[in-house]
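Participant: Requesting a structural model of the entry that follows:
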Amino acid sequence: MPKKIRKKSASGKIASEGLTRPPMERMWRIHQILSGDSYPNCSGLSRELEVSAKTVMRDLEFMRDRLGLPLEYDAVKHGYYYTAPVRDFPTMKVSQGEVAALLLAQKSLEQFRGTPFERPLTGAFRKLSQSLGGEMEVAWHEMESALSIRSSGTGLADMQVFDALAKAVMEGAELELSYHKLAGAAPEKRTVQPYHLGCIENQWYLFAHDVGRGAVRTFALPRIGAVEKTGGKFKRPKNFSLGKILEGSFAVFEGGRAQQVKIRFTGVAARLVEERVWHASQSLTRERGALVLAMRVGLSPDLCQWILGWGAEAEVLEPTELRQGVANAIADAARVYRGAGRYPVKD
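Facilitator: Below you'll find the predicted structure:
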């Protein structure tokens, strides 16, 4: 190949390399030009692509050496050409299903909107989509209008707090934070060693070793106030496992010892419950037209709330403690609505 040159703009400055077109898009355009009869050279391609001749040379070398394209330079016509017909430009080979999966993963990044991870994750997905090539990029945009993910009850978190916690997790920095427990009358100071940040059911949580309590505790980010470094450092234990911590949990609350739970669902609830996986330990059986869900979980508040959400179409069969707890919650709710005018609750 001829000697590499550097293209200068009218102002005498080297043109910005790769700022106007992503690498794969540039090479796709070069391929289209080479497919004609023009014998393009570096100067012409650099003007067309608005990059330096050095970038064009690097793209051409990649196309020839890495993509295996039959690319040569004609010293007589002073330009590049294909020595053999090229039917398909080699790009990343992916199926429509894989593109759909990638798109859905991108849409799930809504959980990171506003966090320090939003820009690098968005950039990574943009590069992946650009590497799919012209034909697949069309399919990508078509799928984007056909597929979506929608979440309700998205948790609120102070991004400054999130940023401080994320840095503390990565750096192993001990923190003092103000935390308002669900049943607490006022916020309280907690000294913690942050181990992990996790998004569960559209809510961000910090899993950290609580120095004062001598155990790992779970903190909901919306209830974390002021965050300050104590100056202390720590190393996260090698045996720390979020999976083990949540092993017996239905969602995020720790419900103590995991035990056998059975719930009977009827009507529409039975069909809806059957359509999803609610816990890794679950098993489903049909009994006299009803659906029985069995799983081993702790008796946590979020489990009770989930059962209550199904109304009269869900009945706890066991254990007795959970059955009584749900019954008490229903009775409390009935008292709230008793005598409410148009909707009296009968005894």
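Participant: and after the helix or strand of the chain with the lowest mean pLDDT, which helix or strand comes next?
Facilitator: One helix or strand of the chain scores below all others by mean pLDDT, DSSP states H and E: helix 134-144, with a mean of 50. Note on helix 134-144: by DSSP states H and E, the next helix or strand toward the C-terminus is helix 159-171.
Participant: List the buried residues in that next one.
Facilitator: Buried residues in helix 159-171, defined by neighbour count with 16 or more other CB atoms under 10 Å: Val161, Phe162, Ala164, Leu165, Ala166, Ala168, Val169. (C-beta placed from N, C-alpha, C; glycine too.)
Participant: Who are the packing partners of that helix?
Facilitator: strand 173-179, strand 188-200, strand 224-233 (3 or more CB pairs under 8 Å, 6 or more residues apart in numbering; DSSP states H and E).
Participant: Using CSV, please lay out those together with mean pLDDT and distance to Ala333.
Facilitator: Formatted as CSV, the helices and strands packed on helix 159-171 follow (pLDDT from 0 to 100; distance: least, CB to CB, whole Å):
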stretch, mean pLDDT, distance to Ala333
strand 173-179, 96, 29
strand 188-200, 93, 26
strand 224-233, 94, 30
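Participant: helix or strand for Leu299, which one?
Facilitator: Using DSSP H and E, no helix or strand contains Leu299.
Participant: Going by neighbour count, which residues in stretch 177-184 are buried?
Facilitator: Neighbour-count burial for stretch 177-184 flags Leu177, Tyr179, His180 (criterion: 16+ other CB under 10 Å).
Participant: Only the C-alpha atoms, please, for it, written as CSV.
Facilitator: Provided in CSV are the C-alpha atoms of stretch 177-184 (Å, rounded to 0.1, in the frame of the first residue of the first chain):
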residue,chain,number,x,y,z
LEU,A,177,-25.3,7.7,56.8
SER,A,178,-28.6,9.0,58.0
TYR,A,179,-31.2,6.3,57.6
HIS,A,180,-35.0,6.4,58.2
LYS,A,181,-36.4,3.0,58.9
LEU,A,182,-39.9,2.2,57.7
ALA,A,183,-41.3,2.1,61.2
GLY,A,184,-38.9,4.7,62.6
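Participant: Where do the strands of this structure begin and end?
Facilitator: Along the chain, counting by DSSP state E, strands occupy 71-74, 79-82, 173-179, 188-200, 203-210, 215-220, 224-233, 259-265, 283-287, 290-297, 314-318.
Participant: okay if I get those as JSON lines plus distance to Leu121?
Facilitator: JSON lines is the format used below for those (distance: least, CB to CB, whole Å):
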{"stretch": "strand 71-74", "distance to Leu121": "35"}
{"stretch": "strand 79-82", "distance to Leu121": "37"}
{"stretch": "strand 173-179", "distance to Leu121": "23"}
{"stretch": "strand 188-200", "distance to Leu121": "13"}
{"stretch": "strand 203-210", "distance to Leu121": "15"}
{"stretch": "strand 215-220", "distance to Leu121": "23"}
{"stretch": "strand 224-233", "distance to Leu121": "23"}
{"stretch": "strand 259-265", "distance to Leu121": "36"}
{"stretch": "strand 283-287", "distance to Leu121": "35"}
{"stretch": "strand 290-297", "distance to Leu121": "32"}
{"stretch": "strand 314-318", "distance to Leu121": "38"}
